[in-house]
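Student: From the sequence below, what's the structure:
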Amino acid sequence: MEQNGTRMLNLGGYVGVDEYGYVYFMFLFSLYVFILCCNGIIIFVIWTHKNLHEPMYIFIAALSLNSLLFSCTIYPKIFVDVLSNEQTISYVGCLVQAFFFYTLTNSDLYLLLVMAYDRYLSICRPLQYSSTMGTTNVSILLGLAWFVPAFQMAVTLVLQSKQGICNFTLEGFYCNVKMVKIHCRTPMYLTAWSLFNLLTSSILPLLSVLITYIKIFMTIYQSHGEVRKKAIETCSPHLIVLFTSLSLISFDFTIGHLDSMLPKSINLIMSLQMLVYSPLFNPIIYGWKMKEIWKHIKRLFPCCHDVETNKSLVD
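Tutor: Purely as a prediction, here's the structure:
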């Protein structure tokens with residue numbers, strides 16, 4: 001449909017928003033504030049402490065920055081929708097939201113790959129670490145982790161924007177892969193480009209991370225005592241975050257291609273998982289499991305000493 005010459009899409013993924021709009025708002029707004037605070041603390045701690053100005057912590061700060069930007073791209077529009085009588089978005093706005101959604105999600109995967117490489121050098125090639133992970137190389141890796149997915153998504157969405165629209169209802173509450181279904185047809189070249197993007201931005205990085213960690217753990221297995229313990233401490237948070245990223249990709253594929261086979265409420269719950277897992281789980285894992293970061297967080301918040309006591313008992 002068109003409003004004042006602007007193509008608008010109906011967002012058909014909400015369930016009971018007319019009745020529970022304020023419940024949606026309070027829950028999601030609380031979650032949004034918590035996400036901003038958790039990621040903001042991680043960035044602040046790393047930024048303000050020179051002993052954390054190392055590649056591993058810089059990449060963690062980059063992940064938290066991605067989570068902040070990701071949340072700021074999705075949540076404010078949802079707040080407007082759940083408090084409105086109509087849930088709509090302009091076609092151009094949908095393209096912009098999808099651009100940031102996938103650029104930041106794929107950037108996370110590239111950052112996880114870079115972090116795996118950083119751990120590989122530190123544990124398996126310690127003599128090469130200083131020369132390889134210098135300031136210039138770290139800056140280049142960060143730039144590529146943001147530029148490559150941004151370029152790929154820009155090309156994808158430019159190609160998509162040239163397709164005709166036959167369905168003005170998007171079966172979701174934010175713009176993701178479901179946008180393909182609103183177009184009249186998907187040309188072969190666009191399908192080929194999308195598969196290429198999936199391969200290079202998701203599958204290959206994840207496989208590379210897994211292979212890298214296999215090599216790391218082979219080296220750890222041959223180590224002894226304190227070396228093995230320290231290596232496991234620094235690698236385990238990355239593996240947990242990698243698992244959440246795999247879950248995100250699986251959820252996105254499922255709700256994007258099998259949504260018609262799933263109840264609407266299940267689609268909504270799975271979509272919400274994607275908005276929660278990475279932005280919230282990453283800073284909690286890194287803040288709690290990385291000892292140097294946790295040490296500085298405890299100084300900011302003395303109440304965290306109680307959490308540390310419980311953490312020690314669990315460990």
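Student: Helices of the stretch 151-300 of the chain, residue ranges please.
Tutor: Listed in chain order, the helices of the stretch 151-300 of the chain (DSSP state H, counting those that start in this stretch) span 188-198, 204-222, 225-257, 264-276, 282-289, 291-300.
Student: Can you name every helix or strand that the shortest one contacts?
Tutor: Using 3 or more CB pairs under 8 Å, 6 or more residues apart in numbering; DSSP states H and E as the contact criterion, the neighbours of helix 282-289 among helices and strands are helix 17-48, helix 55-82, helix 225-257, helix 291-300. In this view, the C-beta of every residue, glycine as well, is placed from N, C-alpha and C.
Student: go again using 6 Å as the cut-off
Tutor: Helix 282-289 makes packing contacts with helix 17-48, helix 55-82, helix 225-257 when contacts are defined by 3 or more CB pairs under 6 Å, 6 or more residues apart in numbering; DSSP states H and E.
Student: Can you list the buried residues in it?
Tutor: The neighbour-count check on helix 282-289 (16 or more other CB atoms under 10 Å) flags 282, 283, 285, 286, 287, 288, 289 as buried.
Student: Distance check, the nearest residue to the last one once chain neighbours are set aside against residue 294.
Tutor: Just to be clear, that refers to residue 289. Using CB to CB, 6 or more residues apart in numbering and skipping residues adjacent in sequence, the residue nearest residue 289 is residue 237, 4.3 Å away. Noted for residue 237: a distance of 11 Å to residue 294, by CB to CB, to the nearest Å.
Student: Report the central residue of the chain.
Tutor: Nearest to the geometric centre of the chain sits residue 105, at 4.2 Å (CA atoms, centre = their mean).
Student: so that residue is in which element?
Tutor: helix 91-124 (DSSP states H and E).
Student: Which strands or helices does the helix or strand immediately after that helix in the chain pack on?
Tutor: For helix 91-124, the succeeding helix or strand toward the C-terminus, using DSSP H and E, is helix 126-132. Packing partners of helix 126-132 (3+ CB pairs under 6 Å, 6+ apart): helix 91-124.
Student: Quick one: mean pLDDT for the helix it packs on?
Tutor: For helix 91-124, mean pLDDT rounds to 90.
Student: related to what we said a few turns ago, how about the nearest residue to the residue nearest to the centre of the chain, chain neighbours excluded?
Tutor: Closest to residue 105 by CB to CB, 6+ apart is residue 248, at 6.6 Å.
Student: mind listing what the one you found touches?
Tutor: Shown in contact with residue 248 (CB atoms under 6 Å, 6 or more residues apart in numbering): 274, 277, 278.
Student: Deepest-packed of the helices and strands packed on helix 282-289, please.
Tutor: When those are scored by mean count of other CB atoms under 10 Å, the highest mean neighbour count falls to helix 55-82 (a mean of 20).
Student: Compute the inter-axis angle for it and helix 282-289.
Tutor: In terms of direction (axes from the mean of the first three to the mean of the last three CA atoms, to 10 degrees), helix 55-82 departs from helix 282-289 by 140 degrees.
Student: Skip the chain neighbours and tell me the closest residue to residue 186.
Tutor: In space, residue 186 is closest to residue 180, 6.0 Å off (CB to CB, 6+ apart).
Student: What is the burial count for that neighbour?
Tutor: 15 (other CB atoms under 10 Å).
Student: do the same with the one 4 residues further on
Tutor: The number of residues packed around residue 184, counting by other CB under 10 Å, is 9.
Student: ok, it touching residue 166?
Tutor: Yes. Assessed by CB atoms under 6 Å, residue 184 is found in contact with residue 166 at 4.1 Å.
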